[in-house]
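S.K.: turn this into a model:
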Amino acid sequence: MRGPETPTDMPGFPMPGDHHGVISGYVLKMLRGSIGMTQTSLAERLGVDVSTIQGWETGRRSLTSLRVSDFRRLQTRLAAFGAPATGVASLHDAIDADELLAQIMNGELGNADIQQHPLASTVHRRRLVNLVTWPFTGIMPPQLRGLPARPGRGPVASRPVLTTAAKHDFFDQLLSVAELASPEEMPVLRRQATYLLGFDKRQDSADWLTSQHKHAFTGSSAANLTSGIAARSAAVALARHGDADPLRYFIDNTLIDERHAAANLTYWAYWLGEINEPHSDDSYLITATSTRSWSGVRLANHLLEHLTDQVNAPLNIHSLWQLVLARPELLQYDRELRQRAGERVEAALDDNPARSSTVELNNLRCAVQLANR
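M.R.: Next up, the predicted model:
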């Protein structure tokens, strides 16, 4: 296998710095651990120098710089060595996450070229976003949790590591583009930047989220479906900063509208990958809400796993109740899902939820009981 080559710079897309391969490097380290190889033994099997493996795993020599053919060959070899298929596939997602981090952190975009921002052209999904936020939250993405990584020698970081300065650069850039992006002209960029700012623990971001978005929840429900999803992202970001009132207001005043309730479920389906087709903006919500192109099984299972989530529990509970109302067959014809729903709902009721969530959980309990008859 040939070593990494230096890619050609493209206008508007700054190339990664020395520390911008940390996510894919960490996933590679986990894959190496899963097959029980040392850096030296893996280097020998791949036919590269051990310093190349060390550079890949630390992010100093980013896997994003590999040619496509070399990266495909690396994936094939890792699979042949016994690395789990899910983990090998996730290596590609991790490279996408590294590229997204690099483009955001190195971007000095002004009004003229803000449309080239990586958050402006694609509606991102949970699978990618969980990898991007992993260095900040320490929460391992679900697709990697089954990876049987064997611990290495000495202390090993439990997540991809970014310096404090790099983390600050990431959120400073997000705050800048969020302020530049017009809600009318660049809604996807503003919405996705807003959502990611919820992971910034600094007070400046919390203050900006509050000043820019909290007023949106004091009036009537959103005028259209895409602005409703923007309000959803803002409410979740504020809840992550400890202010749960906007999320409760969004549920009670926006999702009470049937169209917005359907759009919320459709966005969930896209976020979790039940809708396979990628989209560049949120307009798909308008046409997809009336179709049955996604089953709802993956969404139901996800929501059941997160009924006691510290941040999003009210939204998760409400969304599950709306999903069961929209698709009662999920409980009627799936015995395992019905049993799991009964168990998870009871556990959520034991968690002493808010009054409105308790009502919805009791409704879900009744739905499970009726489906059992």
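S.K.: pLDDT weak spots in the stretch 51-200 of the chain?
M.R.: 107-113, 149-155 (pLDDT under 70).
S.K.: repeat that with 80
M.R.: For the stretch 51-200 of the chain, applying pLDDT under 80 flags the ranges 106-113, 115, 148-156.
S.K.: please enumerate the helices of the stretch 51-200 of the chain.
M.R.: Taking DSSP state H, counting those that start in this stretch as the criterion, the stretch 51-200 of the chain contains helices spanning 68-80, 85-106, 126-137, 164-180, 187-197.
S.K.: so which bits of the longest one are buried?
M.R.: Along helix 85-106, the positions that meet the burial threshold by neighbour count (16 or more other Cβ atoms under 10 Å) are 87-88, 90-91, 93-105. Placement of C-beta: from N, CA and C, glycine included.
S.K.: most packed of the helices of the stretch 51-200 of the chain?
M.R.: Of all the helices of the stretch 51-200 of the chain, helix 187-197 has the most neighbours on average by mean count of other Cβ atoms under 10 Å, namely a mean of 24.
S.K.: nearest spatial neighbour of Glu346, skipping sequence neighbours?
M.R.: Distances taken as Cβ to Cβ, 6 or more residues apart in numbering put Arg365 closest to Glu346, at 7.4 Å, once the chain neighbours are dropped.
S.K.: swap that for Phe250, please
M.R.: Ala235 (4.4 Å).
S.K.: could you pull up phi and psi at that neighbour?
M.R.: The phi/psi pair for Ala235 (degrees, to the nearest 10) reads phi -70, psi -40.
S.K.: test my guess that it contacts Pro246.
M.R.: Yes: between Ala235 and Pro246 a contact is recorded at 4.3 Å, counting by Cβ atoms under 8 Å.
S.K.: so for the two, which sits in the more crowded spot?
M.R.: Each of Ala235 and Pro246 has its neighbours counted (other Cβ atoms under 10 Å); Ala235 has more, 30 against 24.
S.K.: residue ranges with poor pLDDT in the stretch 251-373 of the chain?
M.R.: Applying pLDDT under 80 to the stretch 251-373 of the chain picks out residues 286-293.
S.K.: which stretches in it count as helices?
M.R.: So, for the stretch 251-373 of the chain - with DSSP H, counting those that start in this stretch - the helices run 258-272, 284-288, 297-305, 313-326, 329-333, 335-350, 355-371.
S.K.: what about Val297, neighbour count?
M.R.: Neighbours around Val297, by other Cβ under 10 Å: 13.
S.K.: next: the one 10 residues further on.
M.R.: If you count neighbours by other Cβ under 10 Å, Leu307 ends up with 22.
S.K.: separation between the residue nearest to it when sequence neighbours are not counted and Arg45?
M.R.: Nearest non-adjacent residue to Leu307, counting by Cβ to Cβ, 6+ apart: Ala348, 3.9 Å away. For Ala348, the distance to Arg45 equals 48 Å [Cβ to Cβ, to the nearest Å].
S.K.: picking up where we left off before, can you tell me which of the helices of the stretch 51-200 of the chain is nearest to Trp268?
M.R.: Closest approach to Trp268 among the helices of the stretch 51-200 of the chain is made by helix 126-137 (9.5 Å; Cβ to Cβ).
S.K.: contacts for that closest one?
M.R.: With contact meaning Cβ atoms under 8 Å, 6 or more residues apart in numbering, helix 126-137 is reached by 22-23, 90, 93-94, 96-97, 100-101, 139-143, 159-162, 167, 170, 195-196, 199-200, 271-273.
S.K.: run the chain-centre distance for it.
M.R.: Relative to its parent chain, helix 126-137 has a centroid offset of 6 Å by Cα atoms, centre = their mean, to the nearest Å.
S.K.: for the remainder of this discussion, apply numbering that starts at 311.
M.R.: Fine by me, first position is 311 from now on; the one you just mentioned is helix 436-447.
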